[in-house]
Structures are given as structure tokens and as C-alpha cells.
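J.: Got a sequence here, can you model it:
(one chain, ligands or ions: 1)
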Amino acid sequence: MANRHRKSLVLRNVKSSVKALTILLLALSVIGIAYANLIGEKKEILIPVTGANKNSWDSKSFWHSPWGKSKVHKGIDIFATRKSLVISPINGLIISAGYSENGGNYVYVLDAKLRTYYFAHLNRQEKSSFSFIKKGQRIGLVGNSGNAISSPPHLHFSIFSLFPIIKNYSRKEKFTWMKMFYLDPVKSFKTT
Ligand SMILES: [Zn+2]
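T.: Residues are numbered from 1 along each chain as shown. Next up is the predicted model:
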């Protein structure tokens, strides 16, 4: 009897912990989504390749589909001469830097806006994971590593929001729900 009683007590505790955790996660999601939508998209970040300007990319290539294996192009390609400097457009934390089959030498930076910035096909990346980087600091050099090996040197650059930006939902475009998590880099560059 006592044993069964203890069991039901444990079960009740587990149940209330799960309930508390669910409420906490829901609250965090609501706060995160509210934050992501409140800060929205602003023209505020640096162009991540020194010397690049609006002629260095195709402004229509963001969310272009079909786009090879990745199905939709989640960023833009900034074309530049090989070994041009890649700089950080924001203050942030490098959460991952390494080599992958598609991205080649890549770097991911997370900033206080809870967005990740992805730099791919680098000739060389000069940073290691879990180090801070300041706006304007160098990340690496432009190249064509990974699946860009048969393309001219360019930086593939994309911005991902950890929480969805609701106004970016577009029924007219493919991958409608996924688009809420990506920002158009061209609309985010500070133009001076
Ligand atoms: Zn690309």
C-alpha cells in the first residue's frame, strides 16, 4: 500500500514538473517570437566582404527556387576576387567554425538578436568555435570551397532567426513557413 502511495506521489510530481516545463517553454517561445517580430528587419549590418557593393550579388537570388540540392537559396552569393577579406557584419559569438561537404570552410555567428549568420565557401576561416567577434573583425577569406568548387569565388551568406518573423510568411512563395526563419541579407545591409 505504502509503495503504491509513494509511486503515485512520484507520478504526481513528475506530472507537475512536466506541466511547469511546458508552461516555461511556451512562455519562452512567446517572448522569443514577440522579440523577433518587434526588432524585425532593419538596414543595420555591414556587408561582410570588404570592397563589395550592390553589384557584387544578384538581389533576386534570395529565396530563389529551385536551387540545386538545397531546393531554395536561403541567402545570397557575394562575388569577389579570391582571398578578399570576409568580415563580421555584427558583434557576436562564433558558435561553429569548420568544414562541411556543402559549405566548405564555414563559420556560424550568433548575435544578441538571436540570429545566426552563416558564411560559406571560404578559402580559409580564421576563427574557432566559441570565441567572440566584433563588428568589422575579419572572419576569413573568400573562396569556393565545398560544393562551390566549380563556381567562381564567392561568399554564401545567410541570416537565420531562431524565432519566426511572421510578416515574412508568404503564401505566394515556396517553403512558406521556412521563409519566416530567414532574413533577406540585401534588406539588412546598411547602405551608406
Ligand atoms: Zn549561395
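
J.: Which single residue in this structure comes nearest to the ion?
T.: Among the residues of the chain, residue 156 lies closest to the ion, at 3.5 Å counting by Cβ to the ion. Every residue, glycine included, has its C-beta placed from N, CA and C.

J.: can you count the residues close to that residue?
T.: By other Cβ atoms under 10 Å, 25 other residues sit near residue 156.

J.: tell me the pLDDT at it?
T.: Note for residue 156: predicted pLDDT of 97.

J.: May I ask which helix or strand encompasses it?
T.: For residue 156, the host element (DSSP states H and E) is strand 154-161.

J.: buried set for that strand?
T.: 154-161 (16 or more other Cβ atoms under 10 Å).

J.: related to what we said a few turns ago, identify the residues contacting the residue of the chain closest to the ion.
T.: By Cβ atoms under 8 Å, 6 or more residues apart in numbering, the contact list for residue 156 reads 75-77, 103, 118-121, 148.

J.: go on, residue 161?
T.: Going by Cβ under 8 Å, 6+ apart, residue 161 touches 36, 113-115, 180-183.

J.: please redo it, this time with the cut-off set to 10 Å
T.: Residues in contact with residue 161, defined by Cβ atoms under 10 Å, 6 or more residues apart in numbering, are 32-33, 35-37, 39-41, 113-116, 168, 180-183.

J.: List buried members of those residues by neighbour count.
T.: Among the contacts of residue 161, those buried by neighbour count (16+ other Cβ under 10 Å) are 33, 36-37, 113, 115-116, 168, 180-183.

J.: biggest helix in the protein by residues?
T.: In the chain, taking DSSP state H as the definition, the longest helix is helix 2-39.

J.: Flag every buried residue along that one.
T.: 33, 36-37.

J.: Now do the same for residue 179: helix, strand or coil?
T.: At residue 179 the chain is in helix, as set by DSSP: H, G, I helix; E, B strand; the rest coil.

J.: Just give the number of residues close to it.
T.: Neighbours of residue 179 (other Cβ under 10 Å): 20.

J.: The residue lying closest to it once chain neighbours are set aside: what's it in contact with?
T.: Nearest-residue entry for residue 179: residue 168, 5.3 Å, with adjacent residues in sequence omitted and distances by Cβ to Cβ, 6 or more residues apart in numbering. Residue 168 sits next to 37, 40-41, 63, 161, 176-184 when contact means Cβ under 10 Å, 6+ apart.

J.: helices and strands around the one helix or strand residue 86 maps to, which ones?
T.: For residue 86, the host element (DSSP H and E) is strand 85-87. With contacts defined as 3 or more Cβ pairs under 10 Å, 6 or more residues apart in numbering; DSSP states H and E, the packing partners of strand 85-87 are strand 115-125, strand 138-142.
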